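Q: From the sequence below, what's the structure:
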Amino acid sequence: MVITSLGNPRVKAATALSLRKHRDAAGGLFLLEGEPFVTRAAGAGFEVVELWHSGGAPRIAAKELIEATPAVLAKITGKDNPQAVVGVLRKRWASLPSARAPGLWLALDRPRDPGNLGTIIRTADAVAVAGVILIGEATDPFALECVRATSGSIAAVPLARCTEGAFVAWAIGREVIGTAGGASLDYREAKAGADVVVLMGSESDGLSAGLLAACSRVVCIPMWGGTESLNLAVAVGVMLYEVRRG
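A: So this is what the prediction gives:
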């Protein structure tokens, strides 16, 4: 049976996942649009609870296949030209590794903008970070706006979350490079080892005093024009590529 009614209870439930309270109430579900992205997520081990499609069922393992009209998919996603495949997936969180974890890690202090966070996750995927750590009251990385901005990288980058205190405790003995506008060390002069955590502050407030104290080094990205700071996603990209370059 093809679902055609925008008032169908299944459609209403899927549409409600655009709001965080409904994602949480549904047991941690989120929407992922596009057959290639859902395929990648399924291959990475994400549980596909529902697979909505508008004809020609894709070859993706899912608990339930639901065929619907494009108008229904437009209602669910809030887009006039929706993808032909929309997955309802279960969120997956990583844990902070107990041992000293090798590789490049990214930690973000209270990121608030979902579009920025999605772009950051996409950049983290491109640089092959070991994981992204969200500290404190961060925006939900599984929000639809954020997921879209990742262009599928939501499935590839392990995401962890913790309090500031938990991060500070975890960071003991690790090389942590933080950023601050008033730092005297240029980011290009801060050569890092193979195992390092890049720590970036929130869009509005920067790093807290407690997180600054947890840094091995604090660097700045120079500003030659009139603006006081870079967009967080741009600053993260600059830092990750510089640290990866070594």
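
Q: And the chain, what are its domain boundaries?
A: 9-90, 104-245 (automatic domain parsing).

Q: Each with direction, which strands does the helix or strand of the chain with the lowest mean pLDDT pair with?
A: Among the helices and strands of the chain, strand 185-186 carries the lowest confidence by mean pLDDT, DSSP states H and E, at a mean of 92. Pairing partners of strand 185-186, with direction, according to DSSP bridges: strand 217-220 (parallel).

Q: any residues touching the partner strand, and which ones?
A: Applying CB atoms under 8 Å, 6 or more residues apart in numbering, the contact partners of strand 217-220 are 176-187, 189-190, 212. All C-beta spots, glycine's among them, are computed from the backbone N, C-alpha and C.

Q: In stretch 174-191, which residues are buried?
A: When burial is assessed from 16 or more other CB atoms under 10 Å, stretch 174-191 yields the following buried residues: 175-180, 183, 187, 190.

Q: Adding distance to Asp205, pLDDT and secondary structure, write those out as JSON lines.
A: Below are the buried residues of stretch 174-191 laid out as JSON lines (distance: CB to CB, whole Å; pLDDT from 0 to 100; DSSP: H, G, I helix; E, B strand; the rest coil):
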{"residue": "Glu175", "distance to Asp205": "24", "pLDDT": "92", "secondary structure": "coil"}
{"residue": "Val176", "distance to Asp205": "18", "pLDDT": "95", "secondary structure": "strand"}
{"residue": "Ile177", "distance to Asp205": "19", "pLDDT": "96", "secondary structure": "strand"}
{"residue": "Gly178", "distance to Asp205": "13", "pLDDT": "96", "secondary structure": "strand"}
{"residue": "Thr179", "distance to Asp205": "13", "pLDDT": "93", "secondary structure": "strand"}
{"residue": "Ala180", "distance to Asp205": "11", "pLDDT": "90", "secondary structure": "coil"}
{"residue": "Ala183", "distance to Asp205": "16", "pLDDT": "88", "secondary structure": "coil"}
{"residue": "Tyr187", "distance to Asp205": "20", "pLDDT": "91", "secondary structure": "helix"}
{"residue": "Ala190", "distance to Asp205": "22", "pLDDT": "74", "secondary structure": "coil"}
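
Q: which residues in this structure form helices?
A: The residue ranges that make up the helices of the chain, judged by DSSP state H, are 9-15, 20-25, 35-43, 70-77, 114-127, 144-150, 164-171, 209-213, 232-245.

Q: So which other helices or strands are in contact with the shortest one?
A: The helices and strands touching helix 209-213, judged by 3 or more CB pairs under 8 Å, 6 or more residues apart in numbering; DSSP states H and E, are helix 164-171.

Q: just checking, what packs against the helix it packs on?
A: Taking 3+ CB pairs under 8 Å, 6+ apart as the contact definition, the neighbouring helices and strands of helix 164-171 are strand 131-135, helix 209-213.

Q: where in this structure is pLDDT low?
A: For the chain, applying pLDDT under 70 flags the ranges 99-101.

Q: Tabulate the helices and strands packed on helix 164-171 (CSV), appending mean neighbour count and distance to Gly201.
A: Conversion of these to CSV gives the following (neighbours: other CB atoms under 10 Å; distance: least, CB to CB, whole Å):
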stretch, mean neighbour count, distance to Gly201
strand 131-135, 23, 10
helix 209-213, 14, 7
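
Q: Now distance to Ala155 too, for those, in CSV please.
A: Conversion of the helices and strands packed on helix 164-171 to CSV gives the following (distance: least, CB to CB, whole Å):
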stretch, distance to Ala155
strand 131-135, 13
helix 209-213, 28
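
Q: what about those, which gets the closest to Leu232?
A: Comparison of those against Leu232 by CB to CB identifies strand 131-135 as nearest, at 12.7 Å.

Q: Determine how far that closest one lies from the middle of the whole chain.
A: Computed by CA atoms, centre = their mean, to the nearest Å, the separation of strand 131-135 from the middle of its chain amounts to 9 Å.
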